[in-house]
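>>> quick one, structure for this:
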Amino acid sequence: MFEKVNPSHPDKLADRIAGAIVDIAYAQVADPRIAVEVLLGHGICHIIVETDISLPPYEIEAAVERIARKVAVDYVEVAQDRHLAENQEHGFRCGDNGIFKGVPVTDEQKELTRIAKELYEQYGCDGKYVLDVDRLIICQSNAPTEFLRMFYPHAEINPLGDWTGGTDVDTGATNRKLGSDMADSVTGGGLHGKDLSKADVSVNIWAWLKAQETGKPVEVCCAIGDDTVGGVPFSEIVETARTYINQIGGFERFAEWGLVR
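Presented below is the predicted three-dimensional model:
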């Protein structure tokens, strides 16, 4: 059983905006410290950023418009907490307490992701999908239900009828669709809107990659300030995650589909 949402779901728009802001920070310095929260909907995008650098407001506004179109931007930028900043003064150390479990992706999860991408390529707007063994539920906005039924005859399609979706009828917030992004993997935090020093990003990615590599669940925990996680240097975990993010194309691209791509 698995639910997937596409990159135009309001929650994923919020994740993408947060990721784009982290990308802006990384374009300025090699290793910024940043955490971004986004609440989006009904014509306004609220953003709170905790960071050790200053970001150009016009770049923030351009990223929001590119991802969410014309909305008002309420942007607040504050300095990172002193204790958190001191934690990273002498190299990469865990930026938070956390529990992490990477789990191999199943064939069912791969199949639903394929369907989600197929529909997104065709319609490019808000959609969410569920697959439970033989039960396929497709909720695709701005798509004629009867037309979709021609291609997915055994699916339950738009149970309440045709719909428009998007941020005019729903709100979006960062890290609210972690089930879609991680499938059976488990985290105590969120994947999006954070730099690589945050264990929520780097350890989640590392554990997930190890699970795909070994075919078995990988479970670890950490305390803020740890320099190793599961016997592996945290700096090595950070570099593994950095390589993965760079291969995908950045934090915004990572936010589009999460770990289950």
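
>>> just the helices in the stretch 1-150 of the chain please.
10-28, 57-68, 82-87, 107-123, 145-151 (DSSP state H, counting those that start in this stretch).

>>> and if you look at the stretch 151-261 of the chain?
Under DSSP H, counting those that start in this stretch, the stretch 151-261 of the chain gives helices at 178-182, 199-214, 234-248, 251-257.

>>> a markdown table for the ones you listed, including distance to G189?
Where you see a C-beta, it was placed from the backbone N, CA and C, and this is true even at glycine. Formatted as a markdown table, the helices of the stretch 151-261 of the chain follow (distance: least, C-beta to C-beta, whole Å):
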| stretch | distance to G189 |
| --- | --- |
| helix 178-182 | 9 |
| helix 199-214 | 3 |
| helix 234-248 | 14 |
| helix 251-257 | 15 |
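
>>> can I get the ones you listed in TSV with mean pLDDT?
Shown next, in TSV, are the helices of the stretch 151-261 of the chain (pLDDT from 0 to 100):
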stretch	mean pLDDT
helix 178-182	98
helix 199-214	97
helix 234-248	97
helix 251-257	98
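
>>> can you redo those helices as JSON lines with mean neighbour count?
JSON lines is the format used below for these (neighbours: other C-beta atoms under 10 Å):
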{"stretch": "helix 178-182", "mean neighbour count": "21"}
{"stretch": "helix 199-214", "mean neighbour count": "23"}
{"stretch": "helix 234-248", "mean neighbour count": "17"}
{"stretch": "helix 251-257", "mean neighbour count": "23"}
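
>>> right, so of those, which gets closest to H192?
helix 251-257 (4.9 Å; C-beta to C-beta).

>>> what comes into contact with the closest one?
By C-beta atoms under 8 Å, 6 or more residues apart in numbering, the surrounding residues in contact with helix 251-257 are 7, 12, 15-16, 18-20, 22-23, 26, 63, 67, 113, 117, 181, 191-192, 245, 248.

>>> list buried residues within these.
Neighbour counting over these (16 or more other C-beta atoms under 10 Å) leaves 7, 12, 15-16, 18-20, 22-23, 26, 63, 67, 113, 117, 181, 191-192, 245 as the buried ones.

>>> burial check on E86, number of neighbours?
10 (other C-beta atoms under 10 Å).

>>> what is the end-to-end distance of stretch 170-186?
Start and end residues of stretch 170-186 are separated by 26 Å (C-alpha to C-alpha, to the nearest Å).

>>> hey, which helix or strand in the protein has the poorest pLDDT?
helix 82-87 (a mean of 80; mean pLDDT, DSSP states H and E).

>>> any residues touching that helix, and which ones?
By C-beta under 8 Å, 6+ apart, the list of residues contacting helix 82-87 reads 33, 52, 93, 95, 224-225.

>>> buried only: go through the residues you listed for me.
Buried among these (16+ other C-beta under 10 Å): 33, 52, 93, 95.
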